[in-house]
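In: this one's sequence-less:
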Ligand SMILES: [Zn+2]
């Protein structure tokens with residue numbers, strides 16, 4: 001297990017109710033590639049529970065570039081061969097860059 005609290009993004013931090021899925025998701029892209037030249041895409045989700053609480057959490061992280069794509073979720077890291085093209089398609093969606101959110105989320109990449 002990684003250091004510090006392992007938080008399930010689907011669980012309400014206020015009342016502990018687990019929800020099925022985010023109300024919406026969006027992607028945050030790190031502007032600086034890592035040592036392997038890969039770009040990290042953080043998938044954020046906006047959640048709300050039946051009791052009216054709302055929160056945001058990191059759903060997964062995707063590392064793209066180099067030899068393929070790596071998806072890091074709570075089940076671990078999954079590698080996707082680049083020829084699948086799934087992520088190419090995703091790039092057609094609207095992407096919001098929000099670096100303040102990125103900072104808030106204990107971003108653990110070597111950015112410097
Ligand atoms: Zn709640």
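Out: Now that the structure is in, tell me what you want to look at. Because the structure is predicted, anything quoted here is derived from the model rather than measured. Residues are numbered from 1 along each chain as shown.
In: Sort out which residues of the strand ranked longest in the chain are buried, please.
Out: Longest strand in the chain by number of residues (criterion: DSSP state E): strand 54-65. Within strand 54-65, the residues scored as buried using 16 or more other C-beta atoms under 10 Å are 55, 56, 57, 58, 59, 60, 61, 62, 63, 64. Yep, even glycine has a C-beta here, placed from its N, CA and C like the rest.
In: May I have the strands that pair with the following helix or strand past that strand, each with its orientation?
Out: Downstream of strand 54-65, the next assigned helix or strand under DSSP states H and E is strand 68-73. Strand 68-73 has the following strand partners under DSSP bridges: strand 54-65 (antiparallel), strand 76-81 (antiparallel).
In: List the buried residues for the shortest one?
Out: Think strand 76-81. Buried, per 16+ other C-beta under 10 Å, within strand 76-81: nothing.
In: still on that earlier bit, between the buried residues of strand 54-65, which is closest to the ion?
Out: The ion lies nearest to residue 55 out of the buried residues of strand 54-65, by C-beta to the ion, at 8.2 Å.
In: Which of the buried residues of strand 54-65 sits closest to residue 9?
Out: Closest approach to residue 9 among the buried residues of strand 54-65 (C-beta to C-beta): residue 57, at 3.3 Å.
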